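> With the input below, show me the fold.
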Amino acid sequence: MLLLLQARGQVTAAELAERLEVSTRTVYRDAEALSAAGVPIYTERGRAGGIRLLPGYRTDVTGLTEDEARALFVLSTGGAQEDLGLGNAARSAVLKVMRAVPAPFRPAATATSQRILVDPERWMQGREPKGPAGHLGVLQAAVFSGRRLRMRYRICAAHLVDGEDDDGGDDPEWAVVRLRFGGVAAARIMLSFGGDVEVVSPPEVRDDLAAVAAATVSRYDQAPHGRTRV
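Predicted coordinates for the structure are as follows:
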């Protein structure tokens, strides 16, 4: 409750009860307990009321449990901070938090960061520049400055062949792109686009996609388990 109030300032008792999965009576009782313990918290009745924490009040993190401390240090093992240009800041923040972690939990927290690696790289991922100069940095700058972006999604970007794409000829709704796959069967991923994509060549890929599509239609055209379809 205290963390929610620190983040929001004022929260209704009903919302706190929902977030904490308790009754509103329990929320008010706990609020009274916090107030009795010296936390500057009070309640406001009425339609726009709620439970309020005086501005400027902050608590430390010495109450972290062992699991919370370990989960926190998993955040320092990923690569997203580096991609956003925040690697040094993240490491500095972790060191500061470490000083507040209860002493018995520090070895486990440190071991977590040393033994768990969160790898943000995924299979079939296209080659993008790292750091703030990449697309992630552009998105970050736009989000933080409150700007709206228009994004285009490229088909199977990891398979794109370098070079200019051709236009669709007389039809402005189509464009020709070149993709490279490791084999004929690997190109079956194109079926996930339905009728929005047509493979022009090579013929063996077209034949394979047609065969798979026909087999799929045949499968779903049959009555399930011999029963009459409705």
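> could you give me the average pLDDT of the one helix or strand Val27 maps to?
Taking DSSP states H and E as the definition, Val27 sits inside helix 24-36. Helix 24-36 shows a mean pLDDT of 89.
> Give the buried residues for it.
Val27, Asp30, Ala31, Leu34 (16 or more other CB atoms under 10 Å). In this view, the C-beta of every residue, glycine as well, is placed from N, C-alpha and C.
> Which elements pack onto that helix?
helix 13-20, strand 41-44, strand 50-53 (3 or more CB pairs under 8 Å, 6 or more residues apart in numbering; DSSP states H and E).
> Would you format the ones you listed as JSON lines with mean neighbour count and mean pLDDT included?
Below are these laid out as JSON lines (neighbours: other CB atoms under 10 Å; pLDDT from 0 to 100):
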{"stretch": "helix 13-20", "mean neighbour count": "15", "mean pLDDT": "89"}
{"stretch": "strand 41-44", "mean neighbour count": "15", "mean pLDDT": "83"}
{"stretch": "strand 50-53", "mean neighbour count": "21", "mean pLDDT": "86"}
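> now for those, which one comes closest to Arg178?
helix 13-20 (50.9 Å; CB to CB).
> ok, residues contacting that closest one?
Met1, Leu4, Ser23, Thr24, Thr26, Val27, Tyr28, Thr43, Gly50, Ile51 (CB atoms under 8 Å, 6 or more residues apart in numbering).
> which residue packs closest to the second one, ignoring adjacent ones?
Setting aside the residues directly before and after it, Leu4 is nearest to Val11 in space (CB to CB, 6 or more residues apart in numbering), at 5.8 Å.
> and that neighbour, what is it in contact with?
Contacts for Val11 (CB under 8 Å, 6+ apart) come out as Leu4, Leu5, Gly50, Ile51.
> From Asn88, how far off is Val138?
21 Å (CB to CB, to the nearest Å).
> After the lowest-mean-pLDDT helix or strand in the chain, which helix or strand is next?
None of the helices or strands of the chain scores lower by mean pLDDT, DSSP states H and E than strand 166-167, at a mean of 58. With elements assigned by DSSP H and E, the helix or strand that comes after strand 166-167 is strand 175-176.
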